[in-house]
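>>> this is the structure alone, sequence omitted:
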């Protein structure tokens, strides 16, 4: 009995552990779960961690997922790139990357869960189906060359209709991002591209050679123009230098001429001043000599007046017999007095160095002083005769 009891206890413990283990479940924070209990009740577990549910059925979905629909092996193993035909009949495959979200409101999550029946592959099938419709429609409106040349423009057109697509959102699937990763073409289109590329390369080569010739021509013209400009500039510099030298020489000549004129003007002014001073000096000397001569004349006249007074006194006294004697004495004294006065005057005077003789009655070779003395004697004789 004791052994059976032990077995029952152990079995009960194991059963309890199994029962507890079947009720213990967990969720990753990057995922959410749709949990259906045995009674059919639905719960959506959005938080990460452990929770308890008795024998539930659980469907796990990623909150946000990235999927590649591509023919590139490093992107997708399904080789599920979208095949398209362009407007020029060229064919190709468009590989892309899609980011979508399943984590929304509880109502949208339940709608998505019912629509895909809990299958992640079903979600991606719906995404790919809608993507094919959009890509094929957009590719049919452009040529294969335009798809290559304007790849981002094509991606933008697809993105406009695919991101936040209402039909997918109605089923609880929200596309958030789309991008084209690769566009590949069939052999025929690729051969056409290669031919076109070769033609474009030849055209670009020809254009490059043309541009090179144009650049060489422009370079040659620029070098020629530069040489002309340099030559012209050198000539202008030389001409400016010569003009400057000429102007400098002219200025120096003008300064030298002005200097000479100034010197001559100064010499002239000095000569005029000197002449003026000499003239003033001559005038002073002339006036001085005239005054001296006037003194001499006055002294001579005084002698004559004294002689006349003495003669008159003799005449009035009646000394007739002594008249001749007195006359002779007076004449002698007069001549002596005049000569003495003249000698004294001449010893004190400075005669002018230059005599200006007027008329033309002076005998040739006669000394002016002799003429002066003769005039004085004549005047004195006239006075004595009175």
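Received, thanks. Only a predicted model underlies this, so the values are computations on that prediction, with no experimental measurement involved. Numbering: from 1, shown residues only.

>>> tell me what whatever helix or strand residue 236 lives in is packed against?
Assigned by DSSP states H and E, residue 236 belongs to helix 187-317. In this structure, helix 187-317 makes packing contacts with strand 91-101, helix 144-149, helix 323-348, helix 368-385, judged by 3 or more Cβ pairs under 8 Å, 6 or more residues apart in numbering; DSSP states H and E. Where you see a C-beta, it was placed from the backbone N, CA and C, and this is true even at glycine.

>>> distance of residue 169 relative to residue 126?
12 Å (Cβ to Cβ, to the nearest Å).

>>> again but with residue 118, I slipped
For residue 118 relative to residue 126 (Cβ to Cβ), the value is 14 Å.

>>> what's the least confident stretch among the helices and strands packed on helix 187-317?
Lowest mean pLDDT within those: helix 368-385, a mean of 53.

>>> where does the stretch 1-150 of the chain have low pLDDT?
1-2, 4-22 (pLDDT under 70).

>>> all the strands of it, in order from the start?
24-27, 31-36, 42-45, 49-52, 57-62, 64-69, 82-85, 91-101 (DSSP state E, counting those that start in this stretch).

>>> want to throw the ones you listed into JSON lines with mean neighbour count and distance to residue 155?
Below are the strands of the stretch 1-150 of the chain laid out as JSON lines (neighbours: other Cβ atoms under 10 Å; distance: least, Cβ to Cβ, whole Å):
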{"stretch": "strand 24-27", "mean neighbour count": "14", "distance to residue 155": "36"}
{"stretch": "strand 31-36", "mean neighbour count": "19", "distance to residue 155": "30"}
{"stretch": "strand 42-45", "mean neighbour count": "16", "distance to residue 155": "34"}
{"stretch": "strand 49-52", "mean neighbour count": "11", "distance to residue 155": "40"}
{"stretch": "strand 57-62", "mean neighbour count": "16", "distance to residue 155": "24"}
{"stretch": "strand 64-69", "mean neighbour count": "17", "distance to residue 155": "14"}
{"stretch": "strand 82-85", "mean neighbour count": "18", "distance to residue 155": "13"}
{"stretch": "strand 91-101", "mean neighbour count": "20", "distance to residue 155": "8"}
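
>>> out of those strands, which is closest to residue 198?
strand 91-101 (19.7 Å; Cβ to Cβ).

>>> the closest one: how far from the chain's middle?
Counting by Cα atoms, centre = their mean, to the nearest Å, strand 91-101 is centred 55 Å from the centre of its parent chain.

>>> and that strand, what does it pack against?
By 3+ Cβ pairs under 8 Å, 6+ apart, strand 91-101 packs against strand 64-69, strand 82-85, helix 120-139, strand 174-185, helix 187-317.

>>> which one of these lies nearest to residue 37?
Of the helices and strands packed on strand 91-101, nearest to residue 37 by Cβ to Cβ is helix 120-139, at 22.4 Å.

>>> next, the buried residues of stretch 148-157.
148, 154-155, 157 (16 or more other Cβ atoms under 10 Å).

>>> which residues touch that stretch?
By Cβ atoms under 8 Å, 6 or more residues apart in numbering, the residues outside stretch 148-157 that reach it are 138-139, 142, 146-147, 178-180, 183, 193.

>>> and those, which of them are buried?
138-139, 142, 146-147, 178, 180, 183, 193.

>>> ok so, going back, quick check: the farthest pair among the contacts of stretch 148-157?
178 and 193, at 25.0 Å, using Cβ to Cβ across those.
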